[in-house]
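Colleague: output the structure for:
(one chain, ligands or ions: 1)
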Amino acid sequence: MLEELKEKVFKANLDLVKHNLVIFTWGNVSGIDREKGLVVIKPSGVSYDEMKASDMVVVDLATGKVVEGDLNPSSDTPTHLVLYRAFPEIGGIVHTHSTYATAWAQAGKDIPNIGTTHADYFHDAIPCTKDMTENQMGEYEKETGNVIVERFKGINYVHTPGVLVKNHGPLSWGTDPDNAVYNAVVMEEVAKMAFVSFMVNPDTTMNPLLVEKHFSRKHGPNAYYGQKK
Ligand SMILES: O=C(CO)[C@@H](O)[C@H](O)COP(=O)(O)O
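Modeller: Purely as a prediction, here's the structure:
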């Protein structure tokens, strides 16, 4: 079942290593078949060197139950499921511990939009979630999804396809697993650029008109991951 999606998700997970976004077993990528209501995700704790497409785990979107696979699904599966349910336009999700985006997440700071590179891919500042409450810690991964959805109230998740989970790390999403990985790579790069920019000039700013010009030039007024709807 879902062999093609398993292959796509498997390749996208290996691309995290190719792009230096993860080491060891850190991070994860998932994809979704919305017609079947099934999510394919990386197995938990498996080295990328040893991983196979057949190791990918299939999970029911509605119940979270494993419907296919001998290995445990990623520990972050509850987070992915909350986002797929809340963000109907996404087809793939990535979580990494990429250095600069994770540093901004650990610092609890949004990555402000101060460059045209950022503006080409993320319309708004890349938001960081707030501290979770003691009650939320009980179901950390599920509540991580809920605080992301809460943080995106008033932010178009299609136009800004990524978030920083406070004191943890980045998540990005896209039309499919490959697009989600692409956005994860861009996110790490703009996190690094912003960090260095603020070291050069802590007071740096960007004219919002330049943001609009670059984002709409690339994505159009009714953007959908770069294509007009
Ligand atoms: O951030 C964490 C754990 O804190 C996870 O995202 C790990 O980095 C990957 O866990 P698995 O996907 O292998 O369960």
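
Colleague: every contact and neighbour count from this point should use C-alpha atoms.
Modeller: Fine.

Colleague: need the helices for the protein, in chain order.
Modeller: For the chain, the helices defined by DSSP state H occupy 3-18, 77-86, 99-107, 116-121, 134-137, 140-151, 177-200, 208-219.

Colleague: can you list these in CSV and add mean neighbour count, mean pLDDT and distance to the ligand?
Modeller: CSV is the format used below for those (neighbours: other CA atoms under 10 Å; pLDDT from 0 to 100; distance: least, CA to the nearest ligand atom, whole Å):
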stretch, mean neighbour count, mean pLDDT, distance to the ligand
helix 3-18, 20, 98, 10
helix 77-86, 22, 98, 8
helix 99-107, 22, 98, 10
helix 116-121, 21, 96, 24
helix 134-137, 11, 92, 13
helix 140-151, 19, 97, 9
helix 177-200, 20, 98, 14
helix 208-219, 17, 89, 30
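
Colleague: residue 29 is nearest to which of these?
Modeller: helix 3-18 (5.5 Å; CA to CA).

Colleague: report the distance from that closest one to the chain centre.
Modeller: 15 Å (CA atoms, centre = their mean, to the nearest Å).

Colleague: elements contacting it?
Modeller: strand 28-33, strand 38-41, helix 177-200 (3 or more CA pairs under 8 Å, 6 or more residues apart in numbering; DSSP states H and E).

Colleague: make a markdown table out of the ones you listed and add distance to residue 9.
Modeller: A markdown table is the format used below for those (distance: least, CA to CA, whole Å):
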| stretch | distance to residue 9 |
| --- | --- |
| strand 28-33 | 6 |
| strand 38-41 | 7 |
| helix 177-200 | 6 |
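
Colleague: residue closest to the middle of the protein?
Modeller: Geometric centre of the chain, nearest residue: residue 172, 1.6 Å, by CA atoms, centre = their mean.

Colleague: residues contacting that one?
Modeller: Applying CA atoms under 8 Å, 6 or more residues apart in numbering to residue 172 gives the contacts 93, 94, 95, 161, 162, 163, 180, 181, 183, 184, 187.

Colleague: quick check: bridge partners of the third one?
Modeller: So the one you mean is residue 95. Following DSSP bridges, residue 95 is listed with bridge partners residue 28, residue 171.

Colleague: ok, now which ones touch it?
Modeller: 27, 28, 29, 169, 170, 171, 172.

Colleague: what about the second one, distance to residue 210?
Modeller: With the distance defined as CA to CA, to the nearest Å, residue 28 ends up 34 Å from residue 210.

Colleague: next, give me the two most distant ones among the contacts of residue 95.
Modeller: Pairwise over those, using CA to CA, the maximum falls at 29 and 169, 13.9 Å.
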